[in-house]
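# What follows is a predicted structure for the sequence shown.
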Amino acid sequence: MTLLFTALALLSAVLHATWSALAYRFPDQAIGFSCMSAISVVVGVVLVAIEPAVGGHAVPFLAASVALHAGYIVALTRLNRLAQFSQLYPLSRGLSPVLIAIAAPVVARDRLSAGAVLGLGIVILGIVLVAGARIDTGRVGARSVGGALLVGLTIASYTVVDGLGVRAAASVPAFIGYLAIGQGILAPAIMVATGATSLAAIRREGRWARAVVVGGLSAASYALMIWAQSLGPLAVAAALRETSIVFATLIGIVVLREDAGARKLVAAGVIVLGIVVLQRAA
């Protein structure tokens, strides 16, 4: 694990928390995410034009990843309607590094040193503390919690598949580009087909400027994450990226004026400690 690996994952975390907070404020979630997806198609086309060869071994992973990412976007549009951003974001994001830490050593055959395992455990503990501090199940409700858990499961699934895919790909930019194009087309298609929105409503959307910003931040965030996954263990990359929970919690409190959580500073300190341990174990 190099300093570049850590920096990529942490920068991805900051960008992810930022675009998620902006997307949460879309007046119509289905329309907003459809427009955002259209922007990711443009980014993908540019990347594919630069480097078109993804390699045959990566194609099955790419197809699965497109489906999982599209499912994640559709599920997230529904989840964002149900409760506060800073309550649902930690739960949905906090579940994934735990699942990945269990699955990655088996599926991806990643090998971690004792120090890295310790650091990973500390980071996951901090993430769980943040999630627990932000969730009031009495206010959120079982339906919202169920939706957040589904999103978390989807995140864990596409993270592992993406990690395997990018390692099999002939080109990281090509893999990112085709993924952006695929999910950018499939997610809005699902929402139109299920009646969540319509092509006419998407065309009438007057907030394309926000969609451009959110789409650009989203594409940049996940491009950095996939780059990091090509450089180091999936479980560690996922845990570092999910430190976005800390940034999201602060955004929810400071920008969105949501209720503060008393444990957030302690949890943030635990996460920082875990990152330091991980980096020293590199």
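Sure thing, it's come through.

# From S157, how far out is the closest residue to T77 other than its chain neighbours?
Distance criterion Cβ to Cβ, 6 or more residues apart in numbering; nearest residue to T77, sequence neighbours excluded, is Q29 at 4.1 Å. No exception for glycine: its C-beta is placed from N, CA and C like everyone else's. In this structure, Q29 and S157 are 22 Å apart, going by Cβ to Cβ, to the nearest Å.

# likewise T77?
To S157, T77 is 18 Å away according to Cβ to Cβ.

# circling back: the residue nearest to T77: neighbouring residues, count only.
By other Cβ atoms under 10 Å, 21 other residues sit near Q29.

# for A193, same thing?
Neighbourhood size, A193 [other Cβ under 10 Å]: 8.

# ok, now V59?
V59 has 15 neighbouring residues, counting by other Cβ under 10 Å.

# where does it fall, helix, sheet strand or coil?
Applying DSSP: H, G, I helix; E, B strand; the rest coil to V59 yields a three-state assignment of helix.

# Likewise for G195?
G195 - assigned by three-state DSSP - is coil.

# And S171, how far from S92?
From S171 to S92 the distance is 31 Å (Cβ to Cβ).

# Tell me which of those two has more neighbours.
For S171 versus S92, neighbours defined as other Cβ under 10 Å are more numerous around S92 (26 against 19).

# Would you confirm that the more buried one contacts V151?
Yes - judged on Cβ atoms under 8 Å, S92 makes contact with V151 at a distance of 4.0 Å.

# which residues do the two both contact?
Common contacts of S92 and V151, defined by Cβ atoms under 8 Å, 6 or more residues apart in numbering, comprise L76, L79.

# how far does stretch 189-200 stretch from start to finish?
Chord length of stretch 189-200, first to last residue, is 13 Å (Cα to Cα, to the nearest Å).
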